[in-house]
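K.L.:
let me see the structure of the following:
(one chain, ligands or ions: 1)
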Amino acid sequence: MAFKPKLLMVDPSHFEVSYVINPWMKPGAWHEDPAGHLRQAQACSAALHQALTEAGAEVVMVPGAPGLPDMVFPANAAVVLDGRAIVARFACDERRGEEALFLNAFRSFEARGLLDTVVQYPEGIFQEGAGDCLWDDTRQQFWAGYGQRSAKASLQVTEDFFNVPVVPLELVSPRFYHLDTCFLVLSGGEILYYPPAFSAEGRAVIEGLAGKENVLEASDEDAAAFSVNAVNFGKEIVMARPPAKLKARLEERGYHVRSVDLDPFILSGGGAYCMTLRLNRFSAVKAAAEK
Ligand code: ARG
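P.N.:
Predicted structure coming up:
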């Protein structure tokens with residue numbers, strides 16, 4: 001690996017499941033034992049932090065805020081590439097307060113030289129960050145989900161800002177409301193995806209661009225375990241406890257799978273990928289220009 005991946009995480013002290021903005025969220029289950037769940041969430045977040053570090057990443061931790069429990073999912077905060085960040089516009093009122101806080105955090109990264117440019121999607125154009133916009137290093141393009149939390153109009157904004165191709169994928173199921181819940185790009189060029197989350201057209205685009213030999217279909221069980229929502233760099237994959245079969249399929253392809261218990265976060269509809277945001281991802285053009 002050329003350099004250490006830098007991943008943003010948010011301290012989970014203010015995490016809870018207190019509202020429902022996706023069909024996985026279970027405030028009832030959370031409120032049976034809020035203190036116990038919070039303790040468990042803190043332990044799970046620490047285990048994720050440790051797994052990422054052991055896999056070779058550096059974790060940058062920022063504080064959360066009371067009343068904004070979903071800040072623990074910074075994948076939704078922004079799309080980042082080549083030192084440029086474009087901050088999200090949340091579709092749900094419940095998360096809109098996160099925008100100003102993440103904007104501040106990114107401005108401080110800019111001041112520290114971690115990022116060069118920070119802007120935000122135009123008002124009224126919903127886009128929920130890297131959760132709906134996944135970089136594909138093999139194909140030098142973004143895959144962008146729309147139709148649930150992100151608006152189709154956001155794709156052109158992304159393309160203009162980063163000056164790279166953005167491939168639209170329509171999300172057709174409220175259970176798979178962000179692209180990262182049903183789509184994973186691997187460093188070897190494979191795509192792990194859950195077909196029922198996509199339109200027939202989307203499935204054809206994925207197979208066409210990735211090539212049949214690179215497409216791995218996730219099962220109902222894989223998707224429900226939030227294992228598709230995984231962090232990958234090099235040969236390392238960190239994911240919420242995967243079904244044995246999925247782990248074996250990935251290992252066959254030469255990946256090293258680290259499994260983490262993320263149950264408290266699954267109660268909010270999130271897994272490993274959405275609990276992180278990669279801050280130092282570079283396109284081949286940028287990497288060549290730096291040489
Ligand atoms: N409760 C959060 C929401 O509905 C979960 C977000 C998970 N993030 C993700 N990128 N899938 O917004």
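K.L.:
excluding chain neighbours, what is closest to the residue of the stretch 101-250 of the chain found nearest the ligand?
P.N.:
Here the stretch 101-250 of the chain gets closest to the ligand at one residue, Gly131, 2.7 Å apart by CB to the nearest ligand atom. No exception for glycine: its C-beta is placed from N, CA and C like everyone else's. Leaving aside its sequence neighbours, Gly131 sits nearest to His178 (CB to CB, 6 or more residues apart in numbering; 4.0 Å).
K.L.:
so what's the one you found up against?
P.N.:
Applying CB atoms under 8 Å, 6 or more residues apart in numbering, we find His178 in contact with Ala75, Asn76, Glu128, Gly131, Asp132, Gly145, Gln148, Arg149, Leu171, Cys274.
K.L.:
so where is the stretch 101-250 of the chain shaky, pLDDT-wise?
P.N.:
The model of the stretch 101-250 of the chain has no residue with pLDDT under 70.
K.L.:
ranges for the helices of this structure?
P.N.:
Using DSSP state H, the helices of the chain run over 27-31, 34-55, 93-96, 98-111, 154-162, 200-210, 220-224, 244-252, 263-266, 284-290.
K.L.:
how many neighbours does the nearest residue to Glu221 once chain neighbours are set aside have?
P.N.:
Spatial nearest neighbour of Glu221, chain neighbours left out: Pro243 (4.9 Å); criterion: CB to CB, 6+ apart. By other CB atoms under 10 Å, 16 other residues sit near Pro243.
K.L.:
if I look at Pro243, how far off is Gly202?
P.N.:
Distance check for Pro243 against Gly202: by CB to CB, to the nearest Å, it reads 24 Å.
K.L.:
just put the contacts of His178 in CSV and tack on neighbour count and distance to Lys291.
P.N.:
CSV is the format used below for these (neighbours: other CB atoms under 10 Å; distance: CB to CB, whole Å):
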residue, neighbour count, distance to Lys291
Ala75, 29, 29
Asn76, 25, 33
Glu128, 31, 34
Gly131, 27, 31
Asp132, 34, 31
Gly145, 29, 33
Gln148, 23, 39
Arg149, 26, 37
Leu171, 24, 37
Cys274, 27, 33
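K.L.:
what residues does the stretch 151-291 of the chain have near the ligand?
P.N.:
His178, Asp180, Thr181, Ser268, Gly269, Gly270, Cys274 (CB under 6 Å from any ligand atom).
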